[in-house]
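Trainee: Any chance you can model this:
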Amino acid sequence: MRIDKYLWCVRYYKTRNMVTEACKKNHITVNGVVAKPSKEVFPTDKITFRKDQITQIITVLDIPENRVGAKLVDIYRRNDTPAEVYQHLELLKLSKEHYRKSGTGRPTKKDRRDIDDYGNEIHEDEED
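Mentor: Take a look at the predicted model:
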């Protein structure tokens with residue numbers, strides 16, 4: 001089965017066109033070699049690709065006939081991505097929320113002055 005069809009079938013990408021674009025940008029490798037969209041995949045192949053700031057590593061277990069339901073995806077692939085990567089993504093999300101709440105708009109003049117004062121405090125501490 002083609003790599004673009006496989007990744008679409010196991011629901012990593014919403015459309016085959018998205019997989020094709022990722023292949024053209026050299027974001028997908030099969031067994032360490034950059035893959036074109038027409039690259040054939042077989043069981044035991046290792047596929048590595050970057051999606052949503054995570055480098056995913058999966059192993060092909062079987063080839064599906066067509067697109068499968070979300071509950072059946074684990075029959076056709078094994079996710080070998082380290083757990084630390086997912087923990088790092090959660091920390092990134094938390095840090096973004098801590099810095100500025102979503103939906104609060106642009107920083108106000110007061111916010112900018114507070115940020116400038118914070119930066120000045122750091123520089124004053126380094127000089128002492």
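Trainee: separation between Lys51 and Val85?
Mentor: For Lys51, the distance to Val85 (CB to CB, to the nearest Å) stands at 12 Å. The C-beta positions use only the backbone N, C-alpha and C, and glycine is treated the same way.
Trainee: wait, I meant Ile28
Mentor: Using CB to CB, we find Ile28 at a distance of 17 Å from Val85.
Trainee: more neighbours, these two?
Mentor: More neighbours surround Ile28 than the other of Ile28 and Val85, with 26 against 13 (other CB atoms under 10 Å).
Trainee: That one - nearest residue in space that isn't next to it in sequence?
Mentor: Phe49 (4.3 Å; CB to CB, 6 or more residues apart in numbering).
Trainee: On the pLDDT front, check the one you found for me.
Mentor: The model reports Phe49 with a pLDDT of 91.
Trainee: so what's it up against?
Mentor: 7, 12, 22, 27-29, 55-56 (CB atoms under 8 Å, 6 or more residues apart in numbering).
Trainee: What is the nearest of the residues you listed to Asn120?
Mentor: Thr55 (38.3 Å; CB to CB).
Trainee: re earlier: can you tell me the SS state at the residue nearest to Ile28?
Mentor: Per DSSP: H, G, I helix; E, B strand; the rest coil, the secondary structure class of Phe49 is strand.
Trainee: That's all I had, so thanks and see you.
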